[in-house]
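[1] Whatever this is, show me its structure:
(4 chains)
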There are 2 protein chains.
Amino acid sequence: MTASSRIHARLRGDILGGRYEVGDALPSERRLSEELETSRHGVREALKRLQQAGLVSISQGGATRVRDWRRHGGLELLLDLAAEGDAPEALHVPRAAMEMRASIGADAARRCAERADAATKAQIVARAEQLAAVEDLAARNAHYEVLWELIVDGADNIAYRLALTSLIASSQRIASVDAHAVSAELDDTEAIRALAHAINQSSENVHTLAADLLERSIPRG
Amino acid sequence: MTASSRIHARLRGDILGGRYEVGDALPSERRLSEELETSRHGVREALKRLQQAGLVSISQGGATRVRDWRRHGGLELLLDLAAEGDAPEALHVPRAAMEMRASIGADAARRCAERADAATKAQIVARAEQLAAVEDLAARNAHYEVLWELIVDGADNIAYRLALTSLIASSQRIASVDAHAVSAELDDTEAIRALAHAINQSSENVHTLAADLLERSIPRG
DNA sequence: TCACGAGACTGGTTATACCAGTGGTAGACG
DNA sequence: CGTCTACCACTGGTATAACCAGTCTCGTGA
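    Modelled structure (predicted):
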């Protein structure tokens, strides 16, 4: 744990936790370096990372101010929100992540059926069969994640690929809280196999099959 | 343009442009500071931003190495990819962005119809009517963006909200290349009004209406 | 009352020194 | 001859101190 990452985590928590209002000025770099007992450079590195994430705006001569992260932040904040225990509960982060996962996943499956080559589709079918053959939930979950990586790669959509990074990370964080988050999907190996074969045959109902599967894990509320 | 942002842009371009292989070691901070004629701190700030974006991994004692950004990068890279002219064409960045926009947008419209309160829905209808009333394309586009912000806010899904940031930014970058990117949507004011009213009435076909509208702008290929 | 300028802030940059891990390699040893 | 170890040269991490470059405020003078 480096000094700058400590400062980064501290300030990020303060901002995401709502302990600053949008537009508020952060303490100056010199003050922060005193309060947090580090050099100014460590503070600056942390601030650059916050700027990169869209949480603050820095301007020479003026103060460093808190931005509206709901408007300027990227999807990678989802993980941070899931990790920060003190983020407003009303954001429904788990539900949001699972809904997006379902929407993107269903469309990715459809595109994959359209675009992936035979070799990729064969891998998908093979992986689904492997998954169905194991009993251990953790092992099955590992297969399931690989399966979805194959599907998203097969969809040939870089935006889906990049979004998946944030979704997987935040899903894992959510799953660490609720271990059975996706068990409704993992238990139904038949539905998973059916999806894989539908993709392989470029069926019309790939989107429906995928959506039905993925939407099982959306929390109510 | 600060020194660290120059260095950041330079290295980011080298990585996204494929001039480094995954796993390659970057030159050391001391070497970079010589080559790019800045102090080591400027280099460090830039590297921290690259690390934050998932483009490199830094380890004390060892080298700073290039990561697989397709696997570890976040959605905000979409904007960078759209901006870097030398990114591999095969990524189909405009198509990817527009597909994701359609998938997320259609689902957001559905959730908005389910969840938004009457006041928000009234705003959506009002905005659609304003949009239909103006002739100027730029003004209409501005209304259209606000309309979608209202819809996404109404969907009460923080993941969609955060993803929108990257999608809007990269769409604008794409639109600056192809000015008529979304004109097929903007021209059909009737479809936009129909969507707004469907949301207001919580119709069953909101998802279909939204998807039909948004998918018009997906480039072929 | 208003305009403007001094000065006290803000962040931006540089230089230098040292600490703290890593990893390659030369040499000692079996 | 092989292998293991200790060392050293390298990597990034931290700190100090000084100065540059904008911004903003507040008091003074027109």
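
[2] Let me know the outermost residue of chain A.
    Note on chain A: the largest C-alpha distance from the chain mean falls to A:Gly61, namely 35.9 Å (C-alpha atoms, centre = their mean).

[3] Tell me which residues touch that one, please.
    With C-beta atoms under 8 Å, 6 or more residues apart in numbering or on different chains as the criterion, no residue contacts A:Gly61. C-beta: built from backbone N, CA, C; applies to glycine.

[4] And the pLDDT at it?
    Note for A:Gly61: predicted pLDDT of 96.

[5] helix/strand/coil for it?
    coil (DSSP: H, G, I helix; E, B strand; the rest coil).

[6] Spell out which residues sit in contact with the residue lying closest to A:Leu209 once chain neighbours are set aside, please.
    Counting by C-beta to C-beta, 6 or more residues apart in numbering or on different chains, A:Leu195 is the residue found nearest to A:Leu209 once chain neighbours are left out, at 4.7 Å. A:Leu195 makes contact with A:Ala109, A:Ala128, A:Val206, A:Leu209, A:Ala210, A:Leu213, according to C-beta under 8 Å, 6+ apart.

[7] ok, A:Lys48 - how many residues close by?
    Residues within reach of A:Lys48, counting by other C-beta atoms under 10 Å in any protein chain shown, total 25.

[8] between the helix or strand hosting it and helix B:40-52, what angle do the directions make?
    A:Lys48 is part of helix A:40-52, with elements assigned from DSSP states H and E. Comparing the axes of helix A:40-52 and helix B:40-52 via axes from the mean of the first three to the mean of the last three C-alpha atoms, to 10 degrees yields an angle of 40 degrees.

[9] Now the two most distant members of the contacts of A:Leu195.
    A:Ala128 and A:Val206 (13.1 Å; C-beta to C-beta).

[10] Of those two, which one has the most company?
    When neighbours are counted by other C-beta under 10 Å, A:Ala128 and A:Val206 differ, and A:Val206 comes out ahead with 27 against 24.

[11] now A:Asp188: how far from A:Arg101?
    16 Å (C-beta to C-beta, to the nearest Å).

[12] For these two, indicate the residue with more neighbours.
    Just comparing A:Asp188 and A:Arg101: by other C-beta under 10 Å the higher neighbour count belongs to A:Arg101, 23 against 15.

[13] Quick check: what element follows the helix or strand containing that one along the chain?
    A:Arg101 is located in helix A:93-115, with elements delineated by DSSP H and E. Note on helix A:93-115: by DSSP H and E, the next helix or strand toward the C-terminus is helix A:118-133.

[14] Give the rounded mean pLDDT of that following helix.
    Computed over helix A:118-133, the average pLDDT equals 98.

[15] quick one: buried residues of it?
    Along helix A:118-133, these residues count as buried under the neighbour rule (16 or more other C-beta atoms under 10 Å in any protein chain shown): A:Thr120, A:Lys121, A:Gln123, A:Ile124, A:Val125, A:Arg127, A:Ala128, A:Leu131.

[16] With stretch A:82-100 instead?
    Neighbour-count burial for stretch A:82-100 flags A:82-84, A:87, A:91-100 (criterion: 16+ other C-beta under 10 Å).

[17] Name the surrounding residues that touch it.
    Under the criterion C-beta under 8 Å, 6+ apart, residues A:12-13, A:16-18, A:78, A:81, A:163, A:167, A:170-171, A:173-174, A:177-178, A:181, A:214, A:217-219, A:221, B:104, B:107, B:111, B:156-160, B:163 lie in contact with stretch A:82-100.

[18] 6 Å - rerun?
    For stretch A:82-100, the surrounding residues in contact (C-beta atoms under 6 Å, 6 or more residues apart in numbering or on different chains) are A:13, A:16-17, A:78, A:81, A:170, A:173-174, A:217-219, B:157-159.

[19] got these as CSV, with pLDDT, neighbour count and secondary structure columns?
    What follows is those, written out as CSV (pLDDT from 0 to 100; neighbours: other C-beta atoms under 10 Å in any protein chain shown; DSSP: H, G, I helix; E, B strand; the rest coil):
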residue, pLDDT, neighbour count, secondary structure
A:Gly13, 96, 16, helix
A:Leu16, 95, 21, helix
A:Gly17, 93, 14, coil
A:Leu78, 94, 29, helix
A:Leu81, 93, 22, helix
A:Ser170, 89, 27, helix
A:Arg173, 82, 18, helix
A:Ile174, 80, 21, helix
A:Ser217, 92, 24, helix
A:Ile218, 93, 17, coil
A:Pro219, 90, 14, coil
B:Asn157, 97, 28, coil
B:Ile158, 96, 26, helix
B:Ala159, 97, 29, helix
